[in-house]
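J.: Here is a sequence together with a model predicted from it:
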Amino acid sequence: MSATFEDIDAAAEAATRRRATLRRYARHPGFMIGAAGILLLLLVAILAPWIAPHSPTQTDLMNTLAPASSTYWLGTDQFGRCVASRLIHGAQVSLLVGFFVVLISLSAGTIIGAVAGYAGGWLERALVAVIDILLAFPSFLLALALVAARGNTLDSIILAVAIAYTPRVAAVMRSVVLTIRPRPFIEASRAIGLTPWTIVLRHVIPNALPPVIVVATVSAATAILAEAGLSFLGLGVQPPTPTWGNVIAEGQTAITTNPLISLSAGLCIAFTVVVLNLLGDGLRDTLDPQMRRNTGKLL
Amino acid sequence: MVGHVARCVGQLAVALLGIVTVAFFLMRAIPGDPALYMLGDFATTEALAALRARLGLDLPVWQQYGVFLLRAVQGDLGTSVVTGEPALREILASVPPSAALAVAGMAIAVVFGVPLGIIAAVRQGSAVDVGVMLLALGGISFPVFWVGIVAILTFSHALGLFPALGATSEPGFWKGLHHLALPALVLGLSVAAYIARLTRSAMLEVLGQDHIRVARAMGVPERRIVWKLALRNALIPVLAVIGVTFAWSLGNAILVEAVFSRPGLGSTILKAILARDYQLVQAGVLVLAAAVVLLNTALDLLYATIDPRLRQR
Amino acid sequence: MSAAFELRGLTAAVPGEKAAIRLVEDVSLHVHAGETLAVVGESGSGKTVTFTSALGLLPKPGRVIAGQALLEGVDLLTLGPEALRRMRGARIGMVFQDPLTGLNPVFRVGAQIAEVLRAHLPLSRQAARDRAVELLARVQIPDPARRVDDYPHQFSGGMRQRVLTAMAIALGPRVLIADEPTTALDVTVQAQVLDLLGDLRDADGMAMVLITHDLGVVARQADRVAVMYAGRVVETGTVAEVFAAPRHPYTIALFRSIPDIEAPPGTQLAPIAGSPPEPARRPAGCAFAPRCFAASEAAGCHATRPPLTGTGHAAACHRQGALEIAA
């Protein structure tokens, strides 16, 4: 009874088959906006010292809580520091956290998830049990507790957020591997006598990569939100080093005088998360339309 | 059905044991000496030794775990170093305002998220769909604490509709509800965005299934197809995600409580973290995780009433 | 006598990159009350699309761009969505191919039948349930009063197809379209379901369209047959006529490709070489020409589309005169 759908799919497919993959990406507006946005953020973070009109920590005590002007694009905070410059430099912390958290939680989660999904038997059951239990802990709370115990340097924040969000990546990874395990080439690899480790590293992980790339972009967004939350609570990277989260927190005390401080910092975070999500949605649509549900559960 | 309930309860017991175990080892895995941390750098050796003995830190780890487990089963999760009160009692005392916030937030999320997701799915590709999805993208992208600040600026300062403080000491149900409204809305909207996205994709999947085409071929009205026949199928993955988002929104609740200066679990845990009251932090983390597990068990039982295939096995 | 259900020049298409891609083209068929018309063809030949378009069930972005679908003289394609809905299920029923996915897994079968009844009739819950039990009995499900409260997963494939049939005949439709109703079933169950459909047709005097790719089923169940290839009807006639003297090379090839139990041992089957063209890449001339054993330049097989010619027994082939002589 699915014949109708097959006919239509076949017709649509024939019309699209010869299009280049690159053009498929180019036609996805979300993907293009996301990619351009990330590129822009990277440039801002790297070129921050040259782009920023002022030093992010230099105080101008004659001009505290100044409104927006040509000197101070977004005004100044209660110490007379240039808000625009603080936001431009704040991009560095957010992107560093996003990048390294993804690097750590993705490598750890991928390996744990792949092993759990592929191994079967008691090893799978044990790993799944541990993942399930860890998933019961609210990730943000876990990150909070870990940071509280390890201090609020940048590397301990990255580690805490990465540990807190790894179980989620591992869970997604396992569900992806479960769909790969029954495929014939895995059976074939086993038949020709490859060791389980070789199969996991050479066949399972590469085949699971498309969904993992999508997971990476979404986790980067989550990590950036988590870091901002920690900063906002005063448990993140400490002032005077600017982060978007601590700019919002400091701005909150002056919210009625200069609401622009908190508002613009929030928009920076939202912009980053939006472009990452758009990029993730775009990658998901182009790489692997099948996995909509898997990543849907990520946040 | 009885078998399913028994299995759910069994899983609940195992999960609770797992949580206690994980919480224990996680706190022990953190480097540093809790006793030194609590007493500060100028503590005398005797005082340190006394505190270690009191906390049981001088025992081997496996014995500590045994003692911890035994006490946990009896409801003893240690004592707050700051107040000297039992940690569990302190934590449980701050549960009601948090529970009110979480339940109200979840209710708002479901009430807004599910219908919006359904409408977006039914009108796939239309302006309504694009609008809902953009709104949802915004909802999951803006930091919840920032949304809280904006809500205070708009609804409290500019419009004067709701108080900026998320709680009041004045008695009265309506008074409390008035203060709860804004924080619950802020907490709920981010989850609503997420539920809307998921409902939409679950609904789209169900609407493409054969049994829906059969219903259409039999002349069942579209309204019945969407809101009855397809919805019940789509609710299964949505329920699963409500369990996941509950844990997530408990994390967000900490931030919302901070923005609205609202008492609750979040602020208690935050204060404990700042005061280095690690027994209290541990108890708080445990209680929150247990809440998540309890909710998921309740959802498992709910699935069975929706999905008959689960009841049989 | 006018036909119970008739398609005239039905053409359905999906938008393509340049021009619309026609899924089915100029399909004309009819079926009388009490009669079974078999529609035969390979998968992708447009059998299902033809009837889903006629019922307004073609998934987006598919669309009917020309033709009529007359149900007892009323053109379904001119009806508004609500009027069409009232026709579907009530006046024209459909049984689909896959009984395993055709029932909603989270509702009791009785509730699903009741849903169909209450979509068309102002019945109380209890009355709809009582009707559901009667219908289950009619499709020969044992112990219907108890089974009415079971869920789909508690039924076998053949039993599920009976439940779907009960839904399709619930409102006493004049026309029943059965889309490969037995393809997904075990061989032993297939005959039972087909016999049930035949009995129901005779009892209610329904017109039946049986979509199938099984020529054995056609011979046993149908009165007339229409052969479809690449979205068009290429041959139509009574089963006796078409089986005795097929006129279209595709029909001839179809007969040659099925095993014959009476053929002498060692006889080779002759599968049709190649595969049918995708809707977007159909050739300008006869769509079957690239695979046809009789195609010739002289007859214009590759240049122009052959019209369906003949009264009663008709075929769409430039070479049918020559073939008849050869045969």
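T.: Structure received.

J.: any idea which helix or strand carries residue B:187?
T.: helix B:173-207 (DSSP states H and E).

J.: again, but for residue B:148
T.: Going by DSSP H and E, residue B:148 is part of helix B:144-151.

J.: near chain A at all, that helix?
T.: Yes - counting by Cβ under 8 Å from any Cβ of the partner chain, contacts between helix B:144-151 and chain A involve B:144-147, B:149-150. Quick note: C-beta positions are derived from backbone N, CA and C, even for glycine.

J.: Tabulate those residues (JSON lines), appending neighbour count, pLDDT and distance to chain C.
T.: JSON lines is the format used below for these (neighbours: other Cβ atoms under 10 Å in any protein chain shown; pLDDT from 0 to 100; distance: Cβ to the nearest Cβ, whole Å):
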{"residue": "B:144", "neighbour count": "26", "pLDDT": "89", "distance to chain C": "34"}
{"residue": "B:145", "neighbour count": "30", "pLDDT": "88", "distance to chain C": "39"}
{"residue": "B:146", "neighbour count": "28", "pLDDT": "89", "distance to chain C": "39"}
{"residue": "B:147", "neighbour count": "23", "pLDDT": "90", "distance to chain C": "36"}
{"residue": "B:149", "neighbour count": "25", "pLDDT": "88", "distance to chain C": "43"}
{"residue": "B:150", "neighbour count": "17", "pLDDT": "88", "distance to chain C": "39"}
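
J.: could you check the angle helix B:173-207 makes with the helix holding residue B:148?
T.: Interaxial angle, helix B:144-151 versus helix B:173-207 (axes from the mean of the first three to the mean of the last three Cα atoms, to 10 degrees): 120 degrees.

J.: returning to what we had before: please enumerate residues in contact with the helix or strand following the helix holding residue B:187?
T.: Using DSSP H and E, the next helix or strand after helix B:173-207 towards the C-terminus is helix B:210-217. Contacts to helix B:210-217, defined as Cβ atoms under 8 Å, 6 or more residues apart in numbering or on different chains, come from residues A:1-2, B:206, B:222, B:224-225, B:229-230, C:55, C:57, C:88-89, C:93-94, C:96, C:98, C:101-105, C:115-116, C:164, C:167.

J.: for the helix or strand following helix B:210-217, what is the average pLDDT?
T.: The first helix or strand that comes after helix B:210-217 along the chain, using DSSP H and E, is helix B:222-224. Averaged across helix B:222-224, the pLDDT comes to 91.

J.: after helix B:222-224 comes which helix or strand?
T.: Toward the C-terminus from helix B:222-224 - assigned by DSSP H and E - lies helix B:231-259.

J.: any idea where the strands of chain C begin and end?
T.: For chain C, the strands defined by DSSP state E cover C:5-14, C:21-31, C:36-40, C:63-71, C:74-75, C:92-95, C:175-179, C:207-212, C:224-229, C:232-238, C:314-315.

J.: Need the contact partners of the helix holding residue B:148.
T.: A:228-229, A:232, A:248, A:252, A:255, A:262-263, A:265-266, A:269-270, B:182-183, B:185-187, B:189-190, B:252, B:255-256, B:258-260.

J.: just how off-centre is it within its chain?
T.: The chain centroid and the centroid of helix B:144-151 are separated by 19 Å under Cα atoms, centre = their mean, to the nearest Å.

J.: again, but for stretch C:197-205
T.: 17 Å.

J.: Output it in PDB, but only the C-alpha positions, please.
T.: Extracted C-alpha coordinates of stretch C:197-205, given in PDB (Å, rounded to 0.1, in the frame of the first residue of the first chain):
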ATOM      1  CA  LEU C 197     -14.000 -10.600  -0.900                       C
ATOM      2  CA  GLY C 198     -15.800 -12.500  -3.700                       C
ATOM      3  CA  ASP C 199     -18.600 -13.600  -1.300                       C
ATOM      4  CA  LEU C 200     -19.100 -10.100   0.000                       C
ATOM      5  CA  ARG C 201     -19.300  -8.800  -3.600                       C
ATOM      6  CA  ASP C 202     -21.900 -11.300  -4.500                       C
ATOM      7  CA  ALA C 203     -24.000 -10.800  -1.300                       C
ATOM      8  CA  ASP C 204     -24.000  -7.000  -1.600                       C
ATOM      9  CA  GLY C 205     -23.900  -6.700  -5.300                       C
END
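
J.: So is that stretch next to chain A?
T.: No - using Cβ under 8 Å from any Cβ, stretch C:197-205 stays clear of chain A, with a minimum separation of 15.7 Å.

J.: near chain B, anything from stretch C:34-47?
T.: No - against chain B, stretch C:34-47 shows no contacts by Cβ under 8 Å from any Cβ, the least distance being 15.3 Å.

J.: first to last residue in that stretch, what's the distance?
T.: Terminal residues of stretch C:34-47 lie 21 Å apart, using Cα to Cα, to the nearest Å.

J.: give me every residue that touches residue B:112.
T.: By Cβ under 8 Å, 6+ apart, residue B:112 lies in contact with B:188-189, B:192, B:196.

J.: residues touching residue A:97, list them.
T.: Taking Cβ under 8 Å, 6+ apart as the contact definition, residue A:97 lies against A:154, A:157-158, A:161, A:223-224, A:227.

J.: go on, residue B:71?
T.: Each residue near residue B:71 by Cβ under 8 Å, 6+ apart is listed here: B:77-78.

J.: so where's the stretch 1-150 of chain A uncertain?
T.: Scanning the stretch 1-150 of chain A for pLDDT under 70 picks out A:1-27.

J.: the helices in it, which residues?
T.: Secondary structure of the stretch 1-150 of chain A (DSSP state H, counting those that start in this stretch): helices located at A:3-16, A:21-26, A:29-46, A:48-51, A:83-119, A:121-136, A:139-150.

J.: could you dump those helices to a markdown table with distance to residue A:167?
T.: Shown next, in a markdown table, are these (distance: least, Cβ to Cβ, whole Å):
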| stretch | distance to residue A:167 |
| --- | --- |
| helix A:3-16 | 37 |
| helix A:21-26 | 31 |
| helix A:29-46 | 26 |
| helix A:48-51 | 34 |
| helix A:83-119 | 7 |
| helix A:121-136 | 4 |
| helix A:139-150 | 8 |
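
J.: Alongside chain B, which residues does chain C contribute?
T.: Within chain C, the residues that sit near chain B (Cβ under 8 Å from any Cβ) are C:55, C:57, C:85-90, C:93-94, C:96, C:98, C:101-108, C:115-116, C:119-120, C:151, C:153-154, C:164, C:167-168, C:170.

J.: Pull the helix holding residue B:148 out as CSV, backbone CA atoms only.
T.: Provided in CSV are the C-alpha atoms of helix B:144-151 (Å, rounded to 0.1, in the frame of the first residue of the first chain):
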residue,chain,number,x,y,z
VAL,B,144,16.3,30.9,30.4
PHE,B,145,17.8,33.4,32.9
TRP,B,146,17.9,36.1,30.2
VAL,B,147,14.3,35.4,29.3
GLY,B,148,13.6,35.8,33.0
ILE,B,149,15.3,39.2,33.1
VAL,B,150,13.4,40.3,30.0
ALA,B,151,10.1,39.1,31.4
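
J.: circling back to that earlier point, would you list the contacts of residue B:112 in CSV and tack on distance to chain A and pLDDT?
T.: Listed next are the contacts of residue B:112 as CSV, based on distance: Cβ to the nearest Cβ, whole Å; pLDDT from 0 to 100:
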residue, distance to chain A, pLDDT
B:188, 15, 91
B:189, 13, 89
B:192, 13, 91
B:196, 11, 90
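
J.: ok, these vs chain C, which is closest?
T.: The shortest gap between chain C and any of the contacts of residue B:112 belongs to residue B:196, at 21.8 Å (Cβ to the nearest Cβ).

J.: ok, residue B:76 - how many residues close by?
T.: 15 (other Cβ atoms under 10 Å in any protein chain shown).

J.: That one touches residue B:86, doesn't it?
T.: Yes - contact criterion Cβ atoms under 8 Å: residue B:76 and residue B:86 qualify, at 6.9 Å.
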